[in-house]
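K.L.:
Sequence first, predicted model second:
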Amino acid sequence: MSVQGETKEKTRLDIREPGRYRVVMHNDDFTPMDFVVEILMEIFHKGRLEAVHLMMTVHESGQAAVGTYSYDMAATKVRIASARAKEGDFPFRMTIEEA
């Protein structure tokens with residue numbers, strides 16, 4: 001039974017996959033290569049061979065994407081790595097870009 005003047009409300013769910021963001025590591029002439037490999041292994045969970053390969057790509061090309069994550073995860077990884085670099089007085093730099 002319907003009451004006169006009653007309105008029906010339609011609910012539309014618009015569920016989307018969260019955006020993906022690439023973490024890009026940039027080369028500098030002061031951050032030790034061993035430190036970069038350590039960051040890649042400990043924070044980005046890369047194996048030793050992959051970490052060395054990525055570090056060399058950054059060194060030779062000036063930059064390299066080291067992982068793709070949700071924005072929050074990418075920002076957290078960059079924040080942790082940047083804090084570690086700051087502790088060592090390294091000018092290590094990473095950026096986040098939309099994938």
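P.N.:
All right, it came through fine.

K.L.:
use CA for all of it now, contacts and neighbours both
P.N.:
Will do.

K.L.:
ok, residue 32 - how many residues close by?
P.N.:
Neighbourhood size, residue 32 [other Cα atoms under 10 Å]: 11.

K.L.:
That one and residue 38: what is the separation?
P.N.:
10 Å (Cα to Cα, to the nearest Å).

K.L.:
With residue 66 instead?
P.N.:
Distance, residue 66 to residue 38, using Cα to Cα: 13 Å.

K.L.:
now residue 97
P.N.:
Computed as Cα to Cα, the residue 97 to residue 38 distance reads 23 Å.

K.L.:
Give me the more crowded residue out of these two.
P.N.:
Higher neighbour count among residue 97 and residue 38: residue 38, with 18 against 13, using other Cα under 10 Å.

K.L.:
The residue lying closest to the more buried one once chain neighbours are set aside: neighbouring residues, count only.
P.N.:
Leaving aside its sequence neighbours, residue 38 sits nearest to residue 51 (Cα to Cα, 6 or more residues apart in numbering; 7.9 Å). Look at residue 51: counted by other Cα under 10 Å, it has 22 neighbours.

K.L.:
what about residue 51, helix or strand, and which?
P.N.:
helix 48-61 (DSSP states H and E).

K.L.:
Following element in sequence after that helix, please.
P.N.:
In N-to-C order, the element after helix 48-61 by DSSP H and E is strand 63-69.

K.L.:
what's that next one packed up against?
P.N.:
Counting contacts by 3 or more Cα pairs under 8 Å, 6 or more residues apart in numbering; DSSP states H and E, strand 63-69 packs against strand 21-26, helix 48-61.

K.L.:
after the shortest one, next one along is what?
P.N.:
Scanning the chain past strand 21-26 towards its C-terminal end, the next helix or strand to appear is helix 33-42 (assignment: DSSP H and E).

K.L.:
so how far is that following helix off the chain centroid?
P.N.:
15 Å (Cα atoms, centre = their mean, to the nearest Å).

K.L.:
That one packs against which elements?
P.N.:
Under the contact criterion of 3+ Cα pairs under 8 Å, 6+ apart, helix 33-42 touches helix 48-61.

K.L.:
Now do the helix it packs on against strand 63-69, angle only.
P.N.:
Interaxial angle, helix 48-61 versus strand 63-69 (axes from the mean of the first three to the mean of the last three Cα atoms, to 10 degrees): 130 degrees.
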